[in-house]
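Novice: Fold the following, please.
(one chain, ligands or ions: 1)
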Amino acid sequence: MIYLIFVIGLMLGSFMGVIVKRLEKPKTIIAKPSHCEFCQRNLKPIDLIPLVSFAVNLGKCRYCHKKIGWFYPAVELNVALALAINYQVVFARTQNIWAVIFSSIIVFCLVLAIWTDIKYMVIPDTVTSCILASALVLFFTFNFNFNQFLGAIIGSGFLAIMALAGRGKWMGWGDVKIMLGIGLWLGYPLIISQLLVSFMLGGFISALLLAFKIKKIKDIIPFGPFLIIATLIIYWLNFSIIKLWF
Ligand SMILES: [Zn+2]
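Specialist: Predicted coordinates:
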């Protein structure tokens with residue numbers, strides 16, 4: 001089963017790569033079949049097998065031999081691994097296929113938000129709404145209790161305060177919106193660990209980026225990816241810092 005999930009994940013990842021790339025030129029989403037960015041030649045199904053086509057052609061376009069870059073295989077692998085881990089964890093925890101399906105939708109949207117935030121500094125509202133909708137389904141079917149609700153309030157409330165205090169410079173409203181769904185999904189007390197881990201990750205990675213001069217001090221580093229990576233770590237590990245203390 002886990003291998004099947006991984007293969008499905010690769011295909012969904014290849015689909016995600018296309019969505020993210022085409023956000024650059026929104027009108028081409030439906031208009032054009034998959035094609036090479038350089039020679040514009042349409043790609044055949046054999047050129048579109050996730051990871052395999054990339055490996056066989058040594059990362060080059062089969063027609064014009066230009067380098068394709070690591071973006072597509074990275075997204076494919078990323079989605080496949082995330083969905084495989086999520087299946088393993090959630091199925092062991094709940095023994096319920098619906099819990100697996102809805103948490104997988106959330107995981108897919110979270111990974112998508114990481115890539116759009118890194119590439120274009122936006123988290124599309126459709127992605128945020130999809131996370132919130134799936135979190136609501138899980139809330140009403142599996143974990144209907146006040147702590148889940150509290151998670152949403154604490155998570156989005158805390159970031160809203162930061163967004164207001166920094167006038168949108170430290171924290172964007174996209175981050176506040178995505179935390180509604182994340183908070184409802186994780187609930188209290190996991191949300192506290194998530195916030196701590198995301199700020200630690202954010203500080204550490206930003207310091208590295210500055211130290212290696214990849215980013216300058218005035219550059220804006222999107223915070224969404226840290227929020228999301230912290231969310232996945234905390235959700236999968238089910239790790240509560242609060243429980244360690246009390
Ligand atoms: Zn080409």
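
Novice: For Y3, the count of nearby residues, please.
Specialist: Y3 has 8 neighbours, counted by other C-beta atoms under 10 Å. Bear in mind the C-beta positions are built from the backbone N, C-alpha and C, glycine included.

Novice: got the phi/psi numbers for it?
Specialist: With angles defined as degrees, to the nearest 10, Y3 sits at phi -70, psi -40.

Novice: now it: how far from S14?
Specialist: Between Y3 and S14 the computed distance is 17 Å (C-beta to C-beta, to the nearest Å).

Novice: And for L186?
Specialist: Taking C-beta to C-beta, one finds L186 at 29 Å from S14.

Novice: The two: who's more crowded?
Specialist: Neighbour tally, L186 and S14, criterion other C-beta under 10 Å: the higher count belongs to L186, 28 against 22.

Novice: Can you report how many residues neighbour the residue lying closest to that one once chain neighbours are set aside?
Specialist: Ranked by C-beta to C-beta, 6 or more residues apart in numbering and with sequence neighbours excluded, the top spatial neighbour of L186 is G151, at 5.3 Å. Number of residues near G151 (other C-beta under 10 Å) recorded here: 26.

Novice: Can you tell me the element the residue nearest the centre of the chain falls in?
Specialist: Nearest to the mean C-alpha position of the chain, by C-alpha atoms, centre = their mean, lies V111 at 1.8 Å. In this assignment (DSSP states H and E), V111 forms part of helix 97-120.

Novice: What's the first helix or strand after that helix?
Specialist: Helix 97-120 is succeeded, C-terminally, by helix 125-141 (DSSP H and E).

Novice: orientation of that next one relative to helix 97-120 in degrees?
Specialist: Interaxial angle of helix 125-141 relative to helix 97-120 (axes from the mean of the first three to the mean of the last three C-alpha atoms, to 10 degrees): 160 degrees.
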